[in-house]
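K.L.:
just a sequence and a predicted model for now, questions to come.
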Amino acid sequence: MPRLTIDGHEVEVAAGTNLIEAARAAGIEIPYFCYHPYLSVVGQCRICLVEVVGQPRLVIACATPASDGMVVKSESSARVKEAREAVMEFLLANHPLDCPVCDQAGECLLQDHSTSEQGARFASHMVETRRTFPGYERRLLGPHIIQNQNRCIYCSRCIRFTREISETGQLTYTSRANHAFIDTFNGTPFDDPFSGCAADVCPVGALTIKEFRFRKRAWRLRSTASVCPGCSIGCSVFIDHHERIVYRLTPRGNAAINATWLCDYGRFLAETLNDQSHLHPRHRVEGKPVRLSWGDALRMFADELRSARTLRVVASANLSNEELFLTRELFGRHLRGEIVVPVHQGQQRRMKNGRGEWLHSTDAHPNSGGARRLGLDIVGEEALARFLYGAADLTVILDPDAHPFLATAEALRLVKVGLSIACMRSEHPIVHAASLMLPVPTLACNEGTFTSSTGTVQRFDMAFPPPGETRPLWIVLVALARELGIATLNLAGPAEVFDLMAGNEKAFAGLSWEDLAGTRVPSRLEQQHVG
Amino acid sequence: MSAEAVLLRARGNPSGRTLEAYLGAGGYEGLRKALARVPEAVVKEVSDSELRGRGGAGFPTGRKWSFVPKDHPGPRYLICNADESEPGTFKDRELIECDPHMVIEGIAIACWAIGAHTAYIYIRGEFVRWARILEQALDEARARGLVGRSILGSPFDLDIWVHRGAGAYICGEETALIESLEGKRGFPRLKPPFPAVVGVFGKPTVVNNVETLACVPHIMTRGAAWFASIGRSRNTGPKLYCVSGHVNRPGVYELPLGVTFREIIEQHGGGIRNGGKLKAFFPGGSSAPIMTAGDVDVRADFDGCAEAGTMLGSGGVIVFDESVDIVAAAANLAHFYAHESCGQCTPCREGADWCMDILDRMLDGHGRSADPDTLLRICRFASEGMTICPLGDAFALPISSMVTKFRDEFERRISTASPRPQKKLPALPWAGQRPGFGD
């Protein structure tokens, strides 16, 4: 374990740690553009120059491993300051400095560094006309990525990302020197399944994401820690939102699952989190849906439950562990109902973790792992159809999106046989079968935990309060339990549900709500978006 | 000082490059002697001869060979760097043209010394004819069992491949050459690890210049002491000097290391053309700091040049007479380096381009008083370890030396500059109609 001194701070780091990470451990920021903790070190940008006492030349911190007794000067060295200023001047010589109209502004490493380090003192000696790439200012590189080559600082992060992480190797430099530009081979579209990450790792606004471009300035966004609902891998994400609108999902650092990556499929689920068409509880009167209060709705629900001789519940692997636990306790243990959790295989997705290993999804739900751990009955399409064929007085559908089968005409016909109650979020055919419709919000307005297929239990937070009269399912279930007079389920929040679950379930033993907090808040924007 | 031609002994002989002629001149005797000895002894012999790399850096060849790990289990490689692209350098081409077998023999000896069984000759893409000459020579050598399996009856196997580059200057840098040889983009690698440990295909690799390798057979046949007796201590052996520019007899001259530039230019180059006066010269290709007429008595060897604040480089002596406009020459160089920078490191990529823009503007007659200092600032921060490979230094050193040594010429350009015509913005259509506009 080498011990070294950086700007007068002594720090001990693991062998092989480079000076950027060592300095970070000592609480010192060494600026960088081309370095990325999960990509190979190329030492191209030259901004991380530091002085190592005893070495005649400045060295780049990204490519210099910490060694015992090393004395490093970063901020405290006049030579370093001078050299970094020169590198900055070189970088900005041909950079358009169009920050006011650049979508990266606010989360741009170049902008951050030039404002924090150089401040008002910076003045370029450059009087020449800037080198530009006419026709490459707004170039659609692929389905999701827009390139502005004028802004590129040649850090090669995007190229290394496609070579080392997504393994498609789609991006490359074309041409040489100052007239080189980022391109795909033979001009094929950049349709990498992880193409959004290429824009994430871009330290400047050279690659931006089409779907997010110009929708919101980065500094307006609030980031809430969450978990990607796209598949069973359970990538850690931030929900970036402003004024109760979700603008994007960005990867949240998690070395065990998604390092700092997120696949395009998951990333662009952000829009579905704004999808909320049911805002009030409604019931059907003479075939027409009519609004009613939550109190009446719950009373009606409880009455139906009491009077039903046979009860069947279609739960969902999209529900949180807490909601599944409450479902099992309430409908299963207390009401003796039959519960199934439909699981849809979906398209197989994969993700590379911090050790460079591929993780593969088992299904298209974020919490099938939780359903399995709680011992719930997991069913596929056929079993789900068989389950619905069996007649019952009352069918409760907790999540119409639990399985695509529920959207078919056959499912509709089967559900219509008895009375049915559904928790609704967006438009869905099953609404025509339900006699009572309870509005539930999206993942962004809920909190709880998911269990990924790798067995990791992760917490997700509430980004903003539920819109309209929607209420997260766990509140609905707890209120229903109170209505039915079940005292053991009189719980105040997902934290209490989780603690009860952790106390009773072997699978969750030893876990606590507080400990699952993980990375809640980005320590700084840069870490959030590029690692 | 020997006047005897060693490296260019076959020059002038039309059939000199055939294997017959080479064998007739005692060729492949060095390889026979080397194979009779253990590799360590060969390395020691070369170390004792104090042979220094002729590619530009002047690194002791024996030491370079000794860096290859002895206990490395896998294969190791030797690369002959024939990517001669330094402006003003044309010695490797001459060597290959006159005596390709000398290079091949040198490669074989070096491979025996470092334990390599595969060698690559990375030849500049434009050298089509010389690549063919090498291929022919290799065919001859293979037919005689001088390359291939069990060379000269020994258990030593060696295969040599000619690989043509695609014409990038940067691929003359050893790590960029390795990348290019691997089929990748010619980007210099970060060092360490050095090629001797992690080189081509991730295996220990030695990269030697053509001329360096051509010296090796002579060291083996005639001994390290003979070689060390040419030149002076630490600067031994014969050297090919490429004289170009404003001299009466440009060409490649083989001279012992340590002659003065005066002798090279006046005696061998035949003096300045049209009886003119020497103004300046590059001692070792365009990447070395320029020298003025007052520096002609500097010894043209590694240490002599270093003491004079420049470098011998590849030995390309580019001579400028009084007619040369230094600003135009600097602009010419800047164009070359701005085009040839690989584009990896910020200071070199942006700096070379910026220098080019400034010098072009000066040539256009729009120089500014701050330009010389800006040029010096760019050069200062593009050299001295600011970049991965020495290409940053390669453009910064000559240009900064030109600005420093011929500052008066730059100043004159600026003082006679015409101010840039002020661009008048077109009048707004409503100018004069609204208050605050046009009045």
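P.N.:
Here it is on my side, so go on.
K.L.:
could you use CA atoms for every contact and neighbour count after this?
P.N.:
Noted.
K.L.:
so what's the residue of chain A found nearest chain B up against?
P.N.:
Residue of chain A nearest chain B, by C-alpha to the nearest C-alpha: A:Ala177 (3.8 Å). By C-alpha atoms under 8 Å, 6 or more residues apart in numbering or on different chains, A:Ala177 lies in contact with B:Ala338, B:His339, B:Glu340, B:Ser341, B:Cys342, B:Gly343, B:Gln344, B:Arg349.
K.L.:
out of those, grab the one that's most surrounded.
P.N.:
Counting neighbours by other C-alpha atoms under 10 Å in any protein chain shown, B:Arg349 leads those with 29 neighbours.
K.L.:
for chain A, what's the nearest residue on chain B?
P.N.:
Nearest residue of chain B to chain A (C-alpha to the nearest C-alpha) works out as B:Gly343 at 3.8 Å.
K.L.:
for that residue, which non-adjacent residue is spatially closest?
P.N.:
Once flanking residues are discounted, B:Gly343 sits nearest to A:Ala177: 3.8 Å by C-alpha to C-alpha, 6 or more residues apart in numbering or on different chains.
K.L.:
can you tell me how far that neighbour is from B:Tyr169?
P.N.:
12 Å (C-alpha to C-alpha, to the nearest Å).
K.L.:
now do the shared contacts for the two.
P.N.:
With C-alpha under 8 Å, 6+ apart, A:Ala177 and B:Tyr169 have common neighbours B:Glu340.
K.L.:
about what we covered before: could I get the contacts of A:Ala177 in a markdown table, plus columns for secondary structure?
P.N.:
Formatted as a markdown table, the contacts of A:Ala177 follow (DSSP: H, G, I helix; E, B strand; the rest coil):
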| residue | secondary structure |
| --- | --- |
| B:Ala338 | helix |
| B:His339 | helix |
| B:Glu340 | helix |
| B:Ser341 | coil |
| B:Cys342 | coil |
| B:Gly343 | coil |
| B:Gln344 | coil |
| B:Arg349 | helix |
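K.L.:
any idea which of these is closest to A:Leu491?
P.N.:
Nearest to A:Leu491, judged by C-alpha to C-alpha, of the contacts of A:Ala177 is B:Gln344 at 59.8 Å.
K.L.:
count the residues that sit near the closest residue to that closest one other than its chain neighbours.
P.N.:
Closest residue to B:Gln344 apart from its sequence neighbours, by C-alpha to C-alpha, 6+ apart: A:Gln44 at 5.4 Å. By other C-alpha under 10 Å, 26 other residues sit near A:Gln44.
K.L.:
from what I can see A:Gln44 touches B:Pro347, true?
P.N.:
No: judged on C-alpha atoms under 8 Å, A:Gln44 makes no contact with B:Pro347 at a distance of 9.3 Å.
K.L.:
common neighbours of the two, please.
P.N.:
Common neighbours of A:Gln44 and B:Pro347, using C-alpha under 8 Å, 6+ apart, are B:Thr387.
K.L.:
help me confirm that the residue of chain B closest to chain A comes into contact with A:Ser175.
P.N.:
No: using C-alpha under 8 Å, B:Gly343 makes no contact with A:Ser175, being 9.4 Å away.
K.L.:
for the closest residue to A:Glu381 other than its chain neighbours, what are phi and psi?
P.N.:
For A:Glu381, ignoring the flanking residues on the chain, the nearest one in space by C-alpha to C-alpha, 6+ apart is A:Phe405 at 6.5 Å. Here the main-chain torsion angles of A:Phe405 (degrees, to the nearest 10) amount to phi -60, psi -30.
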